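> Here is a sequence together with a model predicted from it:
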Amino acid sequence: MTERMIEKSGLLDCFGISSCAAIREVSLPYENEIYVSEDKNIFVLMTGDEKNKKSNLVCKSNQLDQHTDLLNIIYNRSNLYLCSNKIKLNQYLKCKKVDVGFFYQFQPQKLEYSVNEDITIAELTDSQEFIGDIQEVFIRQKKNPKLGDKKQWLMDDTVTLCAKSAGQLIGVLVATIYQNAGFLNLIYIREDYRNRNIGTALLQKISGLMYEKGYPHFYGMSPYNKKSFYQSLDIIDIEGWVLWEKQS
C-alpha cells in the first residue's frame, strides 16, 4: 500500500455510484486525508477530527484480503467506516454495523413544484445573502465549523437553493459539482417549517437546474429510514451503504 494524494477527477469513472459519499466530502472545503492502494482498487477519504474521524471506503472488489495494510491504517486512524453494503467489513476489521442507507443516481428533469404563497425558492446569487445562516447549518449538520472561504465556495463551486419566508432562511439545499455531475451535499429545513413540502420542492427545483445546466446525472444518499425522501425524483440507480463503528 502506498499513501499519496491523487486527483479527484477519476473517482466516479473508476468506482461508480459507491463513490458518492467520498465525492460529497472531497468536494467540501474541509481538510481531508486520501489513501490509495498500489493497485488503485481501493480509495479511502478520511474526514473529521481525531476524536471522530470517518473513513469513506470505495472499492472495485468486495474482497479485501489483499489490502490488510490499508485496512490496518484506517482501523488505527479512524473510528467510523462507510462503504457499500456489498462489503462485509466486519470480516476484516473489528467493527459493528450502526447505520444503513442508500446511494442514488438521479436523471435530471424539469419538474413542477409548489409551496405556500408566502414561501419562495431561488438560487443563491448574492454573495452576502444568508451566508452566515448557511454556515451555521453546515456546522450543525456536518459537525465541522471549518468551512474555509464559505462565500467564495458557495458562489463558485456549488448550486445552492434557498427557501425563504418573511425575509428569513427556512430551508437550504447545497449541491456540489464534480466531473460533470451534481452531488446533493446538504438539505436542511427549519424545524418549524417541516412537513410542508419544502424539501420536496427544493429537490424538484434542483433537478430542473441540473437539467438546464446540462448535467447528465446527479447523486445523493440517505439513511434507510429516509428512503422515501427522494421518491419525487427520477431514480435510475441505487446501491446500499453501511456505516460501521470500530470496536476496541
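Done, it's in.

> pLDDT wise, what is Glu136 at?
Per-residue confidence (pLDDT) for Glu136: 82.

> I'd like to know how far it sits from Phe183.
22 Å (C-beta to C-beta, to the nearest Å). Quick note: C-beta positions are derived from backbone N, CA and C, even for glycine.

> C-alpha coordinates for the longest helix anywhere in the chain, PDB please?
Criterion DSSP state H: the longest helix present in the chain is helix 198-212. Extracted in PDB, the C-alpha atoms of helix 198-212 (Å, rounded to 0.1, in the frame of the first residue of the first chain):
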ATOM      1  CA  ILE A 198     -40.500  22.400   1.200                       C
ATOM      2  CA  GLY A 199     -37.900  19.700   1.000                       C
ATOM      3  CA  THR A 200     -39.600  18.100  -2.000                       C
ATOM      4  CA  ALA A 201     -39.800  21.500  -3.700                       C
ATOM      5  CA  LEU A 202     -36.100  22.000  -3.200                       C
ATOM      6  CA  LEU A 203     -35.300  18.600  -4.700                       C
ATOM      7  CA  GLN A 204     -37.600  19.200  -7.700                       C
ATOM      8  CA  LYS A 205     -36.100  22.700  -8.200                       C
ATOM      9  CA  ILE A 206     -32.500  21.300  -8.200                       C
ATOM     10  CA  SER A 207     -33.500  18.600 -10.600                       C
ATOM     11  CA  GLY A 208     -34.600  21.300 -13.100                       C
ATOM     12  CA  LEU A 209     -31.500  23.300 -12.600                       C
ATOM     13  CA  MET A 210     -29.300  20.200 -13.200                       C
ATOM     14  CA  TYR A 211     -31.300  19.700 -16.400                       C
ATOM     15  CA  GLU A 212     -30.900  23.300 -17.500                       C
END
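
> on that earlier part again, okay, Glu136 and Phe183: which has more neighbours?
Phe183 (24 against 14; other C-beta atoms under 10 Å).
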